[in-house]
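Novice: everything below, folded, please.
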Amino acid sequence: PELCIQLDIYGIQKADFNRFLVKHFPSTQLLQQGGKFEDADREGVILQLKQSFDKVIEEGGSHHSLYKIFSTTSIYLRWCDKQSVNAFTQCSVEGYMSHHNDRVMLGLMKSSTYAQIRGQMSILLIKYLDLSSHYFDNVVVRGHSDTEPYEAYTRSDLNQLLPFFRQVFKQTHEQFIAFPEKHFDAYKNVHTMTFHWQGVQYHLCGGVSK
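Specialist: Numbers count the residues shown, from 1 in each chain. Predicted structure coming up:
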């Protein structure tokens, strides 16, 4: 019970730090029912985080802000447990933020959302856990300017295009390696390669620059 905080937000939200002590963030209900859970070996850091929450509450701090930090921590720890990496290390922070940066690059996340996650992670580690700001030295910084994620192709498009491009590369690569000079020296309107796709043969022109 001493590791549970009742936050006055959206009615009453429970910040149960017991859930951070074992891997994969089980619910409070599951913990109370007992059973076997894998110890996450981060009790010291979690107790420090709980103490920081207590201090903020004593000083009249925002319960809403505390809830955001609690949620940020839960998502980060679930990622660490899934990846089997130690939490609250510089390596794990860089890996976690690289994961989100990749999502931005793929058009699956807004840059503004990434910036919010980076900001919350910075508050968690530096303000609440008194860890070094150097944890973020190699973490990408993104702005808040975009409003919608940009995705050049939908997942459905990619599912159709990728097999096609793999076959283009495989077939043309084999032909080029076999007779490279043939393709270098050919005029650009001369067919030097063939490509087969779904029962149809296509002719490709040469004229590759050296």
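Novice: could you list the buried residues of the helix or strand where residue 98 lies?
Specialist: Assigned by DSSP states H and E, residue 98 falls within helix 90-105. For helix 90-105, a neighbour-count test (16 or more other Cβ atoms under 10 Å) marks 90, 92, 93, 94, 96, 97, 100, 101, 104 as buried. Bear in mind the C-beta positions are built from the backbone N, C-alpha and C, glycine included.
Novice: give me the secondary structure label for residue 71.
Specialist: helix (DSSP: H, G, I helix; E, B strand; the rest coil).
Novice: grab the nearest non-local neighbour of residue 46.
Specialist: Closest residue in space to residue 46, ignoring its immediate chain neighbours: residue 20 at 4.6 Å, by Cβ to Cβ, 6 or more residues apart in numbering.
Novice: count the residues that sit near the one you found.
Specialist: Neighbour count of residue 20, defined by other Cβ atoms under 10 Å: 23.
Novice: list the buried residues in stretch 7-24.
Specialist: By 16+ other Cβ under 10 Å, the buried positions in stretch 7-24 come out as 7, 13, 15, 16, 17, 18, 19, 20, 21, 22, 23.
Novice: could you check how far the last one is from residue 92?
Specialist: What it means is residue 23. When distance is defined by Cβ to Cβ, to the nearest Å, residue 23 is 14 Å away from residue 92.
Novice: also the fifth one?
Specialist: Residue 17 is 19 Å from residue 92, where distance means Cβ to Cβ.
Novice: now the buried residues of helix 90-105 in a markdown table, with distance to residue 177 and pLDDT?
Specialist: Shown next, in a markdown table, are the buried residues of helix 90-105 (distance: Cβ to Cβ, whole Å; pLDDT from 0 to 100):
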| residue | distance to residue 177 | pLDDT |
| --- | --- | --- |
| 90 | 43 | 97 |
| 92 | 42 | 97 |
| 93 | 43 | 97 |
| 94 | 38 | 96 |
| 96 | 41 | 97 |
| 97 | 40 | 96 |
| 100 | 39 | 96 |
| 101 | 35 | 93 |
| 104 | 36 | 91 |
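Novice: of these, which is the nearest to residue 165?
Specialist: For these, the minimum distance to residue 165 (Cβ to Cβ) is 23.1 Å, reached by residue 104.
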